[in-house]
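Enquirer: Following is a predicted model, sequence given first.
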Amino acid sequence: MEAFQVLSELLEGDLAQGGRNALPLVGRDAEIEELLQAWERVKAGRGQSVQITGEPGIGKSRLALELIDKIGLRDDSIVVLQASAQHQNAPLHPIIRRLEQRIGIRADEAAEVNASRLCEFLARVPECDPETPVLIGQLLALPVPQPATATLPDAQELRRKTRECVVQLLASPANGDAGLILVEDFHWLDPSTAEVVERIATGIGDAPILLLITSRASAAANGSANIRRIPLHRLADADCRNLADCAVADIAGDDYEPELEVDLFSLMSAFQAVVQRARLRPKVLLPPEQLSVDTRIEQLLARLSETEACGFDDLFADIAERSGLIVTFLALLEMIRLKLVRVFQSGSFGPIRVYKRSRPADAPHPIGDPEGHRG
Ligand SMILES: Nc1ncnc2c1ncn2[C@@H]1O[C@H](COP(=O)(O)OP(=O)(O)O)[C@@H](O)[C@H]1O
Ligand SMILES: [Mg+2]
């Protein structure tokens with residue numbers, strides 16, 4: 001059996017981890033725009049709470065990171081509270097981790113050294129309550145001496161005071177600048193941290209803070225009505241393809257040109273080239289064949305079903321007549337409209353390829369065939 005030694009721990013919530021912005025963001029323009037508008041309001045002094053919801057892996061964290069990149073927020077203006085499945089029952093765990101990181105508490109150092117770090121840290125916090133060092137000391141299990149005059153509150157009062165103190169610490173932005181509190185995976189928060197987050201959301205109106213919460217749709221913060229919601233839906237087919245192409249390009253290196261869905265202009269130019277080439281071929285003196293667009297579609301689909309995809313020029317390979325070329329081109333346009341095929345191009349002037357696709361439920365029906373027997 002192989003044994004492993006733990007060398008170091010990756011800090012949860014460290015924004016530099018996890019391949020930040022590994023691939024360019026695809027889609028999500030409207031969502032980014034909405035977040036940027038919220039940020040503008042925050043900068044004008046009106047705090048905002050926004051919740052991004054959606055299934056796992058849909059891109060909630062990615063959207064949050066994109067916003068941070070776009071507004072160029074410095075690390076010390078960002079508070080990340082990262083919830084995790086294994087700490088759902090550890091009260092205030094994400095907050096404790098955040099404070100330890102921020103203060104520079106180290107597990108391999110004596111408790112007294114860490115306690116004095118805490119006191120130095122709190123001495124720099126403006127308007128810090130005199131009780132704060134003791135309360136936070138208890139939270140972090142550090143020996144901060146009680147002032148002689150202090151009376152011990154009961155457990156419930158202690159909980160309340162600690163909560164208020166934590167809310168104040170988290171919600172006082174560095175140098176009074178606009179700041180971001182990012183709560184990652186709200187659905188996994190322990191109840192005490194969820195309470196702190198809801199307290200921040202309730203009182204956020206006059207603080208220059210954006211409270212950004214990511215959560216699966218099933219477990220949303222319900223405390224305050226003032227939370228703006230951004231539900232994330234799955235990316236459109238073309239965006240997925242684009243993303244997959246970016247991923248392949250990333251692995252393959254710079255010389256890979258991703259395939260993008262062609263626009264009509266490129267399609268017309270490609271067709272013009274086909275017609276030009278046909279002109280150069282020797283004329284065949286046969287009576288022109290009357291080929292209907294419908295028949296041509298049947299022929300092309302039959303050919304595509306053997307191969308799944310073919311080159312644009314291949315569509316015209318068996319046609320010599322100009323009229324046949326035009327019918328073939330019209331057939332292609334109709335197949336695109338009926339969502340029977342998709343047409344992609346590598347780079348701006350690269351080869352165009354036609355792919356057979358499984359017809360989506362919302363595809364239009366052929367004119368004169370409302371039942372949609374084809375495809
Ligand atoms: N729109 C997108 N464009 C590019 N990459 C994306 C996009 N959405 C998600 N990703 C990538 O997919 C992965 C999962 O996204 P993530 O934000 O971690 O999901 P969630 O937080 O919703 O579970 C990440 O690697 C992320 O960079
Ligand atoms: Mg996430």
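Expert: Ah, there it is. Ligands and ions are numbered 1, 2, ... in the order given.
Enquirer: Am I right that Thr162 is in a helix?
Expert: Yes: Thr162 sits within a helix when classified using DSSP: H, G, I helix; E, B strand; the rest coil.
Enquirer: Count the neighbours of it for me.
Expert: Thr162: 23 surrounding residues under other Cβ atoms under 10 Å. All C-beta spots, glycine's among them, are computed from the backbone N, C-alpha and C.
Enquirer: Was I right to think it contacts Leu140?
Expert: No: using Cβ atoms under 8 Å, Thr162 makes no contact with Leu140, being 10.9 Å away.
Enquirer: Now for the closest residue to ligand 1 within the chain: which residues touch it?
Expert: For the chain and ligand 1, the shortest gap (Cβ to the nearest ligand atom) falls at Gly59, measuring 2.7 Å. Gly59 makes contact with Arg28, Leu232, Leu235, according to Cβ atoms under 8 Å, 6 or more residues apart in numbering.
Enquirer: same deal with Thr53?
Expert: Residues in contact with Thr53 (Cβ under 8 Å, 6+ apart) are Lys60, Thr214, Ser215, Arg216, Ala217, Ala220, Arg229, Ile230, Pro231, Leu232.
Enquirer: ok, so of these, who is nearest Gly347?
Expert: Gly347 has its nearest neighbour among the contacts of Thr53 in Leu232, at 30.0 Å by Cβ to Cβ.
Enquirer: buried ones in stretch 291-308?
Expert: The neighbour-count check on stretch 291-308 (16 or more other Cβ atoms under 10 Å) flags Leu291, Val293, Asp294, Arg296, Ile297, Leu300, Leu301, Arg303, Leu304 as buried.
Enquirer: and if you look at stretch 168-179?
Expert: Neighbour-count burial for stretch 168-179 [16+ other Cβ under 10 Å]: Gln168, Leu169, Leu170, Ala171, Pro173, Ala178, Gly179.
Enquirer: For these, could you give me CSV that also reports secondary structure and distance to Asp69?
Expert: Output for those, formatted as CSV (DSSP: H, G, I helix; E, B strand; the rest coil; distance: Cβ to Cβ, whole Å):
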residue, secondary structure, distance to Asp69
Gln168, helix, 29
Leu169, helix, 26
Leu170, helix, 22
Ala171, coil, 23
Pro173, coil, 19
Ala178, coil, 16
Gly179, strand, 16
